[in-house]
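In: coordinates for the following, if possible.
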Amino acid sequence: MDRARLGVRDQEHLRRCLFDKIWKLPGVNRTETFLSLSPAQPKSFDLDLVRALRQANAQGRRTRMTRTQTYDTVSELRPYAIWNGAVARAVHGDRLTVGIVDLEPNLDVPEHQHENEQVGFVLRGKVTMVIGGDARELATGGTYVIPGNVPHSASTGPEGATVVDVFTPTRADWEQVERLNPSPGKWPG
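Out: Residues are numbered from 1 along each chain as shown. Next up, the predicted model:
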């Protein structure tokens, strides 16, 4: 492997980058992946890595090491259609997801809950958040915190809104929703 071409510094950095890439693939056995990429036997690492990548490719998943794991632009992110009228452009880390979520005008996001803790702020427009039964209208700059498994909903006015949501752990469930082609969102304008 040409590590310089992949933009990695050393064996450990290569292991972490590729582990992160494989970890995010749907259907991968994470325990086996972790064990197969263990640094305990560094001389066999490249062979273990190749085996793990071949296994992922054999199951019909494309794997590719790119610099977009570290850097990207919002307009180049492939959006998730998380609700009818709500589109999220997400950046996933090891332990959290940051979503820039465009909410269409006059949208009602139904009450729901998830295990993820959610912290967010309004980037554009106004949104009424109902968190654990407490309703509040938030304008640009307004913040909110939603503990895991607390019921919440949201609604927008005639101008719609864009919010930034940070989730921990990552929103792995978003991998099950429809993905759209990359396109500029409502923000930045």
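
In: give me the domain ranges for this protein.
Out: Per the record, the chain has its domains at 3-69, 74-176, by automatic domain parsing.

In: mean pLDDT for these: which is lowest?
Out: Sorting the domains of the chain by mean pLDDT places domain 3-69 lowest, at a mean of 54.

In: may I have the longest strand along the chain exported as CSV, CA atoms only?
Out: Criterion DSSP state E: the longest strand present in the chain is strand 152-168. Output of strand 152-168 as CSV, limited to C-alpha atoms (Å, rounded to 0.1, in the frame of the first residue of the first chain):
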residue,chain,number,x,y,z
HIS,A,152,-39.5,15.8,21.3
SER,A,153,-41.0,17.4,18.2
ALA,A,154,-40.4,20.5,16.1
SER,A,155,-42.3,22.8,13.8
THR,A,156,-41.3,25.7,11.5
GLY,A,157,-43.1,28.8,10.4
PRO,A,158,-43.5,30.2,6.9
GLU,A,159,-39.7,30.8,6.4
GLY,A,160,-38.5,27.3,7.4
ALA,A,161,-35.3,26.9,9.3
THR,A,162,-31.9,25.4,9.4
VAL,A,163,-30.6,23.8,12.6
VAL,A,164,-27.3,22.3,13.6
ASP,A,165,-27.8,19.1,15.7
VAL,A,166,-25.0,17.2,17.4
PHE,A,167,-25.7,13.7,18.5
THR,A,168,-23.9,11.2,20.7
